[in-house]
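Visitor: need a structure here:
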Amino acid sequence: MEMNNKMVFATTVLAGSLFLVACDDITVPEEPVTPPPAEVNTLSLMENGIAAGDWSIKVGSNTDGYAHKVLENIDDTYEKANSFKIAAVKDTGVESGVWKMETFNSGSGDAAEVNFLIVNDAASVDLTDYQNGTMLIDLSVLVAAESSATHQVQMQTTTGTEDWKNRSAFYFSQNQLAALESQGEKKVAIPMSCITPSDTFDITKVNEPLRFVIKNDAEVTYEIRSVVLSNSAVAPEGAVAWTCE
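Guide: Below you'll find the model as predicted:
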């Protein structure tokens with residue numbers, strides 16, 4: 001009887017040893033690791049009608065030889081009888097708001113071309129980090145009848161010599177503005193890859209990151225609040241995508 005007990009004990013220990021060895025041989029699959037989302041960096045050019053950092057806001061048109069006036073503060077206004085007028089619409093109780101631009105038919109042989117610009121006259125800025133990202137414009141279109149007119153969003157490297165050649169440009173239609181008419185403020189997202197550079201535009205030396213150009217005598221009224229560059233190629237949820245595809 002004693003021998004039998006030893007035999008039973010030995011058998012039990014052996015079976016347990018075999019089970020432990022089998023467990024050691026099992027490979028437990030690792031759970032997949034989800035990489036963290038890419039960090040989104042932004043560069044504010046204008047926020048709530050106020051130029052950010054060293055940027056400044058200018059307006060002008062071809063009807064006065066592209067002489068651009070600096071809008072010094074949110075209370076500033078400017079008007080050219082044959083092309084445009086601009087003034088701020090302030091947010092309640094604060095020194096910020098939106099710039100309301102009204103463009104007119106010039107009534108002359110030269111079609112009016114009206115520019116709203118964000119510039120840095122003192123130094124150029126390297127925007128390489130944003131060249132594959134998105135330009136975001138908070139825009140409200142109050143008046144924009146459908147037409148075949150074409151407008152532009154431009155960026156510029158300023159060299160002092162034929163700077164109009166040192167630009168990149170994105171073309172958008174009057175009908176894209178008309179689609180936003182009376183829709184309230186929208187965030188318009190433009191892929192930076194769609195702002196096509198000229199041979200002499202240099203993304204590492206940008207003096208004008210935004211020139212919003214209404215061309216061809218188009219009669220448009222819009223409000224522009226903020227302009228931001230993002231390094232992300234993904235437009236924010238709810239944004240209106242203006243693409244080149």
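Visitor: so how far does stretch 203-221 reach from one end to the other?
Guide: End-to-end span of stretch 203-221 (C-alpha to C-alpha, to the nearest Å): 30 Å.
Visitor: show the average pLDDT along that stretch.
Guide: Mean pLDDT, stretch 203-221: 93.
Visitor: what residues of it count as buried?
Guide: Using 16 or more other C-beta atoms under 10 Å as the test for burial, stretch 203-221 gives 203, 205-215, 217-221. All C-beta spots, glycine's among them, are computed from the backbone N, C-alpha and C.
Visitor: inside strands: which ones of these?
Guide: E208, P209, L210, R211, F212, V213, I214, V220, T221 (DSSP state E).
Visitor: can those go into a markdown table with extra columns for distance to G238?
Guide: A markdown table is the format used below for those (distance: C-beta to C-beta, whole Å):
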| residue | distance to G238 |
| --- | --- |
| E208 | 28 |
| P209 | 23 |
| L210 | 22 |
| R211 | 26 |
| F212 | 21 |
| V213 | 26 |
| I214 | 25 |
| V220 | 23 |
| T221 | 23 |
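Visitor: what residue, apart from its backbone neighbours, is nearest T159 spatially?
Guide: Nearest-residue entry for T159: N166, 5.9 Å, with adjacent residues in sequence omitted and distances by C-beta to C-beta, 6 or more residues apart in numbering.
Visitor: got any ranges where this structure has weak pLDDT?
Guide: 1-29, 34-38, 106-110 (pLDDT under 70).
Visitor: contact partners for G133?
Guide: M192, L229, S230, N231, S232, A233 (C-beta atoms under 8 Å, 6 or more residues apart in numbering).
Visitor: list phi and psi for G133.
Guide: Per-residue torsions, G133: phi -100, psi -140 (degrees, to the nearest 10).
Visitor: how much space between it and F84?
Guide: 30 Å (C-beta to C-beta, to the nearest Å).
Visitor: then D202?
Guide: 30 Å.
Visitor: with neighbour numbers in mind, choose between these two.
Guide: F84 (25 against 16; other C-beta atoms under 10 Å).
Visitor: picking up where we left off before, turn the contacts of G133 into JSON lines, including secondary structure.
Guide: Shown next, in JSON lines, are the contacts of G133 (DSSP: H, G, I helix; E, B strand; the rest coil):
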{"residue": "M192", "secondary structure": "helix"}
{"residue": "L229", "secondary structure": "strand"}
{"residue": "S230", "secondary structure": "strand"}
{"residue": "N231", "secondary structure": "coil"}
{"residue": "S232", "secondary structure": "coil"}
{"residue": "A233", "secondary structure": "coil"}
